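[1] need a 3D model of the following:
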Amino acid sequence: MIESHRTATAADLIELLGELDPIALDKLLSTGATVDEVAEAAIALEDEDAFGELHHEPSSPRAAEVRAILEELVFEKSEDADDASEVART
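    The predicted model follows:
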């Protein structure tokens, strides 16, 4: 079980978010966010993706920073998938 009020470690981030590339992991660790803040950002991003709107403001500047990093990662993955689809068609 993850202790939620302490600063998230690399192992915590991988447990919460799955496999991460080293650069993304470093960016997330550099925020100093707690496990709760990372979980909050991940849930908010999932909700926004599923429902199309932001339901609440982040609880802290760190949670907002984590959310921005996660949004960037999702955007990059989307671009990579589009590029792969385009290459497959040619």
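
[2] burial count for P22?
    8 (other Cβ atoms under 10 Å). For glycine as for every other residue, the C-beta is placed from the backbone atoms N, C-alpha and C.

[3] relative to S59, how far out is it?
    From P22 across to S59, the span is 27 Å (Cβ to Cβ, to the nearest Å).

[4] same check, this time on A39
    Applying Cβ to Cβ to A39 and S59 gives a distance of 11 Å.

[5] who's more crowded, the two?
    When neighbours are counted by other Cβ under 10 Å, A39 and S59 differ, and A39 comes out ahead with 19 against 13.

[6] from what I can see the more buried one touches L13, true?
    No: using Cβ atoms under 8 Å, A39 makes no contact with L13, being 10.4 Å away.

[7] R6 contacts V35, correct?
    Yes: using Cβ under 8 Å, R6 makes contact with V35 at a distance of 6.7 Å.

[8] when the two are compared, which one has more neighbours?
    For R6 and V35, the more surrounded residue by other Cβ under 10 Å is V35, and the numbers stand at 19 against 11.

[9] pLDDT score assigned to E57?
    Note on E57: pLDDT of 82.

[10] go on, the one 3 residues further on?
    We have a pLDDT of 94 for S60.

[11] next one: phi and psi at it?
    For S60, the backbone dihedrals (degrees, to the nearest 10) come out as phi -160, psi 160.

[12] which ones are touching it?
    S60 sits next to 33, 37 when contact means Cβ atoms under 8 Å, 6 or more residues apart in numbering.

[13] how far away is it from I23?
    As judged by Cβ to Cβ, S60 and I23 stand 23 Å apart.

[14] once you drop chain neighbours, what's closest to the most centrally placed residue in the chain?
    Nearest residue to the geometric centre of the chain (Cα atoms, centre = their mean): L70, 2.9 Å. What sits nearest to L70 in space, not counting adjacent residues and going by Cβ to Cβ, 6 or more residues apart in numbering, is L45, at 5.1 Å.

[15] go on, R62?
    In space, R62 is closest to A33, 4.2 Å off (Cβ to Cβ, 6+ apart).
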